[in-house]
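Colleague: no FASTA, just this:
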């Protein structure tokens, strides 16, 4: 019997996540788990799980006549799960190869496990962590109360040494326990001394270091262990790889994803294993129809992956539809030159985008009757008033309202200090092949009218230009 009180750190890491299981999971088990929680007054509880980035409730359970809850469900993915009430996540447990077992929790948070060695070991780890965190809190309280700092520090160091010894022994004794695997796979790759100058990375080798770090980022990850995709930690690691480790460009992202896929395939010996399928499906699902440059680059990159290999994720008809969507987005990715649109203003005067000779041009699509276009428009106006001269920026606005009366009335109501021309989305598509289904929509262009960023958020105009100017200076 083990007594467990999860520390706040472990609670948020292991319990605070809302978890779920994916419908197309491959590593599944038919579970029959009995829970008895003596302190619990709720008669309805939930089991939550995780699969990649997806969160759902696996099942709900009503209290039975003998005061137990029974989770009996087929096809559940292995990983971590949460026993939860309506208001709290009570505790986390392991869904492993043991399919029939029981967990009993007494009023003092003592856990008694029957039929699952994996969970017995897992809760042993939690108890050790709970004990050291409890002692840490107690020492802090004693210090606040005026306790002897030196003697308390000695007590804490002894406890830390004992805990460190425990976890080292735990990892050695139970190398396949899910906690050992999680701790190992979250470690950064080992960095050779070659990259260091003293205690820090040698800045003259920083580019080589970043490349090394990226290609070795998955060294500690066992793709053969399908339980990990059923924990929050896999997606946390994957998301860091995409958002922080990979250079933010379509070409870099394509290489990073190919490297990830190659490593997953090499370890498992299975071309379309779970980790490969998830990455391809997620990159398309999470970035499709999101009007931001970085998300559009990710979407196009993922579609290009589908063209390079068959990952058995989408039907042929779905792939063709995705290709068509990517073909519309591709010309509007960063570094591409924006089309030279030309329209008349409400006075009949013609204005051409390429006639705007400035360091930056913002192409601003809006509709006079569009409520969301008017929300926070003062942010754009303030930026134009304060920084037009500073950054040499001009705004080329296109009113796409289908009703000319709306445009005329709005022009009287709001006198913009920049160029405003009149068109419709249908005319825009017919003349230039541009489709702007939602407004507001903004493209920030450089002096050569190449796209720097695409965003529907006004404040990102200033952020984009402010960030771009130093980069221009660096790369001159």
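Modeller: Yep, that arrived. Please read these numbers as outputs of a predicted model, since none were measured by experiment.
Colleague: now stretch 194-208, how far from the centre of its chain.
Modeller: Remark: stretch 194-208 is offset 29 Å from the chain centroid, using Cα atoms, centre = their mean, to the nearest Å.
Colleague: now it: buried residues?
Modeller: Within stretch 194-208, the residues scored as buried using 16 or more other Cβ atoms under 10 Å are residue 195. Any C-beta I mention is one placed from the backbone N, CA and C, and that applies to glycine too.
Colleague: what lies in contact with it?
Modeller: Counting by Cβ atoms under 8 Å, 6 or more residues apart in numbering, stretch 194-208 makes contact with 191, 209, 212, all of which sit outside it.
Colleague: can those residues go into JSON lines with extra columns for pLDDT and secondary structure?
Modeller: Converted to JSON lines, the contacts of stretch 194-208 look like this (pLDDT from 0 to 100; DSSP: H, G, I helix; E, B strand; the rest coil):
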{"residue": "191", "pLDDT": "93", "secondary structure": "coil"}
{"residue": "209", "pLDDT": "95", "secondary structure": "helix"}
{"residue": "212", "pLDDT": "96", "secondary structure": "helix"}
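Colleague: buried only: go through those residues for me.
Modeller: Listed as buried from the contacts of stretch 194-208 are 209, 212; burial here means 16+ other Cβ under 10 Å.
Colleague: out of the contacts of stretch 194-208, who's nearest residue 185?
Modeller: Using Cβ to Cβ, residue 191 comes nearest to residue 185 of those, at 17.0 Å.
Colleague: next structured bit after the helix or strand residue 127 falls within?
Modeller: Using DSSP states H and E, residue 127 maps to helix 117-144. Downstream of helix 117-144, the next assigned helix or strand under DSSP H and E is helix 149-173.
Colleague: ok, residue 143 - contacts?
Modeller: 149, 152.
Colleague: what distance do you get for it to residue 160?
Modeller: 16 Å (Cβ to Cβ, to the nearest Å).
Colleague: please apply the same query to residue 87.
Modeller: On the measure of Cβ to Cβ, residue 87 and residue 160 end up 34 Å apart.
Colleague: which one of these two is surrounded by more residues?
Modeller: More neighbours surround residue 160 than the other of residue 87 and residue 160, with 13 against 7 (other Cβ atoms under 10 Å).
Colleague: worst-scoring helix or strand of this structure, pLDDT-wise?
Modeller: One helix or strand of the chain scores below all others by mean pLDDT, DSSP states H and E: helix 8-10, with a mean of 35.
Colleague: low-confidence stretches in this structure?
Modeller: Counting by pLDDT under 70, the chain has low-confidence residues at 1-26, 470-476.
Colleague: how does it divide into domains?
Modeller: 1-198, 199-332, 342-474 (automatic domain parsing).
Colleague: tell me what whichever helix or strand comes after the least confident helix or strand of the chain is packed against?
Modeller: Next in sequence after helix 8-10, counting helices and strands by DSSP H and E, comes strand 28-37. In this structure, strand 28-37 makes packing contacts with strand 69-77, strand 89-95, strand 100-105, judged by 3 or more Cβ pairs under 8 Å, 6 or more residues apart in numbering; DSSP states H and E.
Colleague: could you pull up the contacting residues of residue 422?
Modeller: Neighbouring residues of residue 422 by Cβ under 8 Å, 6+ apart: 343-346, 398-399, 404, 407.
Colleague: among these, which two are most distant?
Modeller: In the contacts of residue 422, two members sit farther apart than any others by Cβ to Cβ. They are 398 and 404, at 14.2 Å.
Colleague: more neighbours, those two?
Modeller: residue 398 (26 against 13).
Colleague: surely that one touches residue 344?
Modeller: No. Residue 398 lies out of contact with residue 344 (Cβ atoms under 8 Å); the separation is 11.1 Å.
Colleague: any common contacting residues for these two?
Modeller: 421-422.
Colleague: quick revisit: so which of the helices and strands packed on strand 28-37 comes closest to residue 384?
Modeller: Here strand 89-95 is closest among the helices and strands packed on strand 28-37 (Cβ to Cβ), at 47.8 Å.
Colleague: residue contacts, the most centrally placed residue in the chain?
Modeller: Compute the mean C-alpha point of the chain, and by Cα atoms, centre = their mean the closest residue is residue 239, 4.7 Å away. For residue 239, the contact set (Cβ under 8 Å, 6+ apart) comprises residue 53.
Colleague: the chain should start at 41 in everything you say after this.
Modeller: With the count now opening at 41, the last piece we talked about shows up as residue 279.
Colleague: confirm that it sits in a strand.
Modeller: No. Going by DSSP: H, G, I helix; E, B strand; the rest coil, the assignment for residue 279 is helix, not a strand.
Colleague: in three-state terms, label residue 397 for me.
Modeller: Residue 397 - assigned by three-state DSSP - is coil.
Colleague: can you list the strands that the helix or strand hosting residue 435 pairs with?
Modeller: Using DSSP H and E, residue 435 sits in strand 433-439. Strand pairing for strand 433-439, determined by DSSP bridges: strand 400-406 (parallel), strand 459-462 (parallel).
Colleague: go ahead and name everything in contact with the helix or strand that that strand is followed by.
Modeller: Following strand 433-439 in sequence order, the next helix or strand is helix 444-453 (DSSP H and E). Contact with helix 444-453 is made by 386, 407-409, 439, 441, 460, 462, as judged by Cβ under 8 Å, 6+ apart.
Colleague: and residue 360, how many neighbours?
Modeller: Per other Cβ under 10 Å, the neighbour tally for residue 360 reads 11.
Colleague: mind telling me what element it is part of?
Modeller: Counting by DSSP H and E, residue 360 is found in helix 356-369.
Colleague: how far away from the center of its chain is that helix?
Modeller: 24 Å.
Colleague: partners of the helix or strand just after that helix, with directions?
Modeller: The helix or strand immediately downstream of helix 356-369 is strand 382-384, counting by DSSP H and E. Using DSSP bridges, strand 382-384 pairs in its sheet with strand 390-392 (antiparallel).
Colleague: buried set for the partner strand?
Modeller: Buried-residue list, strand 390-392, by 16+ other Cβ under 10 Å: residue 391.
Colleague: ok, now stretch 163-178?
Modeller: For stretch 163-178, by 16+ other Cβ under 10 Å, it's 163-173, 175.
Colleague: what is the nearest of the residues you listed to residue 208?
Modeller: Residue 208 lies nearest to residue 168 out of the buried residues of stretch 163-178, by Cβ to Cβ, at 11.5 Å.
Colleague: the closest one and residue 208 touch, don't they?
Modeller: No. Taking contacts as Cβ under 8 Å, residue 168 lies outside contact range of residue 208: 11.5 Å.
Colleague: ok now stretch 157-177, how far from the chain's centre?
Modeller: 29 Å.
Colleague: ok, now stretch 321-335?
Modeller: Centroid separation between stretch 321-335 and its chain, computed with Cα atoms, centre = their mean, is 12 Å.
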